[in-house]
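A.B. asks: Build me a model from this:
(2 chains)
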2 protein chains.
Amino acid sequence: MKSMSSDHTDDTRQLVEVDLGVRSYPIHIGTGLLRDAGLLRPHIRGRQVCVVSNDTVAPLYLDTVCQALAGFDTTQFIFPDGEEFKTLDTVSTLYDHLLGANFGRSATLIALGGGVVGDMVGFAAATYQRGIDFIQIPTTLLSQVDSSVGGKTGVNRPQGKNMVGAFYQPKCVLADCATLDTLPDRELKAGLAEVIKYGLINNREFLHWLDANLDSLLARDRQALAHAIRVSCEEKAAIVAMDEREGGIRAILNLGHTFGHAIETAMGYGNWLHGEAVATGMVMAAAYSQRQGLLSQADAEYVRTLIGRAGLPVIPPDTIDADTFISLMSRDKKADSGRIKLILLEQLGKAFVSATVETEDLAAFLAPGL
Amino acid sequence: MKSMSSDHTDDTRQLVEVDLGVRSYPIHIGTGLLRDAGLLRPHIRGRQVCVVSNDTVAPLYLDTVCQALAGFDTTQFIFPDGEEFKTLDTVSTLYDHLLGANFGRSATLIALGGGVVGDMVGFAAATYQRGIDFIQIPTTLLSQVDSSVGGKTGVNRPQGKNMVGAFYQPKCVLADCATLDTLPDRELKAGLAEVIKYGLINNREFLHWLDANLDSLLARDRQALAHAIRVSCEEKAAIVAMDEREGGIRAILNLGHTFGHAIETAMGYGNWLHGEAVATGMVMAAAYSQRQGLLSQADAEYVRTLIGRAGLPVIPPDTIDADTFISLMSRDKKADSGRIKLILLEQLGKAFVSATVETEDLAAFLAPGL
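C.D. replies: Below you'll find the model as predicted:
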C-alpha cells in the first residue's frame, strides 16, 4: 500500500451512493475535494449559502470552501469548538444569523467540521423555515464514517445526547481525506472506533482487514484511510437504505452506544470523546454478549485487544457506579418505556438488537470487578 | 338547518381522510368527540401519553380527555395562553418535561387547544428524540379548519412567525364542534376568515354557501359549523395531498398570509388575531389582484363585504407604513432571495402563486389611500 503525500493526487477518489429514493445523495471520498467546486455547486439550488464551522476548523479550511463557492451569496457562521456547544442555544443563534441575512427557503447550509457541526447544522437545516438544503463536509474521521451519513441530526440536552433532533438527509457529502492531516491523534483514534464498529456489526472480512492494517491507518496512510472510509460509508448506507428512520435494523449501528452515551453523560460532555466512549461501550457490549453465552471468550478478547491496539480505552471510568449506568441507559432512545435494549454480538461481524435486558443481570455485570 | 343543543347528539359526525401514503390520517368532525375514547386509543401505540394544553383550554376540556385516556401513563403539560408563548423556550420546557418523565420514542403527544398549541406540540413531536407520534384535538374554529390539518408545525421568532418548524403529520385529528361553544366571539370570527379562504382559493360554490349561511355560522349552528369544517378540511386535505411540503400549489393556502403575517409581526404577536390579520390580508390580496387587472371591482368588493359581514377587519392598521410592510413581507417564507411573491386571485374561487412582485408597484399600492 502506497503512502500518499500530495494534496493534489486523487487516486484515492471513491463514490458511495446512499439510496433513499427522492432523498438519495452521493458521498464523495478522496483527497483535495474541498477545492473541487464541481462537486459542490450542482447541489446548491439557490444563491444564498451559509458555511457553518467551528473556531478550530474554520481557520484551516473555510477559505478553501468559500473559494469553491465564488459567485454565491455566501455568509459564514462560526461557533466555539466543543460538544458543549451542541445545543438549542447555538442553533438559535444560527437561526438569528440566517434571519438577519434574509435567508429564504432556497438557501443552503454547509456543515464544515466534525460531528458536532454536522449534527447541529443538519438540525438547523431541518427546522429553518420548515426545512432547507444542507451539505456535509466532514473534517474528522468519525464524522466521515458515521455522523455525516444517514441523516441523523440533533442537539444535546443536559439529560442526554441527541435528545432533540430530526431525520434529515443532506444533498451531498464531501469526505476529504486531506483534512485528516490536521486531526489530533486522539480524534483519529476516536474515529477508528466507529470504523471498527462496522466490522463488528456486519462485516467480519473488513474486521480482519482492519486488524491487519491498523498500523497503516494510525500512520494516516491515505489509501488505507480512503478504503476504510469507503467501506464504512457503504455499510452504513446499506443499513440506512433499509431503515431510514430506525424502526428496526438501523439500531444495530448503535453497537456500544448505549453504554457509551451513559459514559459521556456521566463524565460530562467533551471529557471522553464520543468515539472513546463508544470504543469502551463496544468492549462492554462484547463482554455482555459473552456473559449471555453469545460470544466466546476468545472473540470478546479479540474485540478488547483490537480496540486497545487502536489506542482506545477499554475500561469504563470507575467513578460511574452500576446504578448511574442503569439510570442513564434507561433514558436511551432505544429504551422502551424505560426498559433497556442493547445491541449485542451473536458473532464477530454480526450484531442484533436485544429484547429488553434484565436490569438485575445488567447491574451484576456492571458491578465492580467487570 | 336544525340547531343542535345537546352535547350527545352526533348527527353532525363527519370523516375526512388526508391521503399521504404511509402518513395518511383521519380527521373526525362532530359533537362530543372528546368523550369518545374509541376514536383516540387506536392511534396511540405506546403507553406514555402527554396531553399539552394552555391555561385557558385545560380547565374546560383536559379532564374529559384524560378520562378517555384511562389506562395509559398520562402526564400533562400546561403553558400560558397566547401567541407570545409559541417559542423555542416553551418547547424547550416541554422537552424537559418529557425527559423528566422518561418519555421514549413510542410516546404520544396530544395537542389540546388552538393553533398555538397544535403548531408547537407538532414541532415538539417532530423533534423530540427525532420524532414521536402526536394527535391534534383542535378547540378553536381556526385550528379545526386550518392549522391542525396538513402537518405544518413550528414556533415564532422575533423576526417572524413560524420561522422555525417542520413538516410533520399527526396520527389523527379530532375536531369537536362542542368545544366551539366556549370560544369567544372574536375567535370564532377569526376562524371564519380561514373558512372563507377555502371558498376564495378553490371553491366558488362554497363561497356562496358561506355568504348565504353566514348568520347561522355566527350563531354557532352546529350543523352549519360541521359542514363548514368538513368542506374546509376536504379542501385543505386535497391540496396537501398534492404538495405536502409546499413545493408549489400548496402555497395558495397562504392567500392573505403574506400581508397578514406582516400585520401580525408589526403589531406584535397577539394584538391582532391570526385570522383577523389574514382577513385583512385577503381583502388586500383581492384589491391587489384588482390593481393587476385580474379581478373585477365588483369581485374585490364582494370579498371585502363578505369579510366585513363576518365581523372581521378589512383595513390594515394605519401605523404600518409601506416600507415596513415591504420589509416584513420580503422575509416571508415564500419570498425568493428577498423578492416578494403573493397569492393572488384570478377569479373568485381561483387563487394562484404570483411571480415575484415589483416592489415599487407594491409600495404604491400600500401607500396611504389604499
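A.B. asks: all strands in the stretch 51-200 of chain A, in order from the N-terminus.
C.D. replies: A:73-79, A:108-113, A:133-138, A:152-157, A:160-167, A:173-176 (DSSP state E, counting those that start in this stretch).
A.B. asks: Can you get me a residue count around residue A:205?
C.D. replies: Per other Cβ atoms under 10 Å in any protein chain shown, the neighbour tally for residue A:205 reads 10. From N, CA and C alone the C-beta is placed, and that goes for glycine too.
A.B. asks: Could you name the specific helix or strand carrying it?
C.D. replies: Element membership of residue A:205 [criterion: DSSP states H and E] is helix A:204-218.
A.B. asks: next one: that helix to chain centre, how far?
C.D. replies: In terms of Cα atoms, centre = their mean, to the nearest Å, the centre of helix A:204-218 is found 19 Å from the chain centre.
A.B. asks: what's the answer for stretch A:103-118, then?
C.D. replies: Distance, centroid of stretch A:103-118 to centroid of chain: 16 Å (Cα atoms, centre = their mean).
A.B. asks: Check stretch A:65-85 too.
C.D. replies: 20 Å.
A.B. asks: what does it contact?
C.D. replies: A:34-37, A:40-41, A:44, A:47-58, A:62, A:90, A:93-94, A:97, A:101, A:110, A:112, A:116, A:137, A:156, A:264, A:269-270, A:274, B:337 (Cβ atoms under 8 Å, 6 or more residues apart in numbering or on different chains).
A.B. asks: Please compute how far the helix or strand hosting residue A:237 lies from its chain's middle.
C.D. replies: Per DSSP H and E, residue A:237 falls inside helix A:222-242. Chain-centre distance of helix A:222-242: 12 Å, with Cα atoms, centre = their mean.
A.B. asks: Same check on stretch A:239-257?
C.D. replies: The answer for stretch A:239-257 is 13 Å, by Cα atoms, centre = their mean.
A.B. asks: anything in it near chain B?
C.D. replies: Yes: interface with chain B: stretch A:239-257 contributes A:245-246 (Cβ under 8 Å from any Cβ of the partner chain).
A.B. asks: okay, how far is it across that stretch, tip to tip?
C.D. replies: With Cα to Cα, to the nearest Å as the measure, stretch A:239-257 spans 17 Å from end to end.
A.B. asks: so who does the closest residue to residue A:198 other than its chain neighbours touch?
C.D. replies: Distances taken as Cβ to Cβ, 6 or more residues apart in numbering or on different chains place residue A:235 nearest to residue A:198, at 4.2 Å, with adjacent residues excluded. Shown in contact with residue A:235 (Cβ under 8 Å, 6+ apart): A:198, A:201-203, A:206.
A.B. asks: Next, format the residues you listed as a markdown table and append pLDDT and neighbour count.
C.D. replies: Formatted as a markdown table, those follow (pLDDT from 0 to 100; neighbours: other Cβ atoms under 10 Å in any protein chain shown):
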| residue | pLDDT | neighbour count |
| --- | --- | --- |
| A:198 | 98 | 25 |
| A:201 | 98 | 24 |
| A:202 | 96 | 20 |
| A:203 | 97 | 19 |
| A:206 | 98 | 21 |
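A.B. asks: State the pair within the residues you listed that is farthest apart.
C.D. replies: A:201 and A:206 (10.3 Å; Cβ to Cβ).
A.B. asks: sorry, back to before: and after the helix holding residue A:237, which helix or strand comes next?
C.D. replies: Downstream of helix A:222-242 (by DSSP H and E), the next one is helix A:257-267.
A.B. asks: quick check: angle from that following helix to strand A:152-157?
C.D. replies: Computed by axes from the mean of the first three to the mean of the last three Cα atoms, to 10 degrees, the angle separating helix A:257-267 from strand A:152-157 equals 30 degrees.
A.B. asks: ok, residues contacting helix A:257-267?
C.D. replies: A:83, A:159-161, A:272, A:274, A:277-282, A:284-285, A:316-317, A:319-320, A:324-325, A:328-329, A:332, A:334, A:340-343.
A.B. asks: redo that, cut-off 6 Å
C.D. replies: Contacts to helix A:257-267, defined as Cβ atoms under 6 Å, 6 or more residues apart in numbering or on different chains, come from residues A:160-161, A:272, A:277-278, A:281, A:284, A:316, A:320, A:324-325, A:328-329, A:332, A:342.
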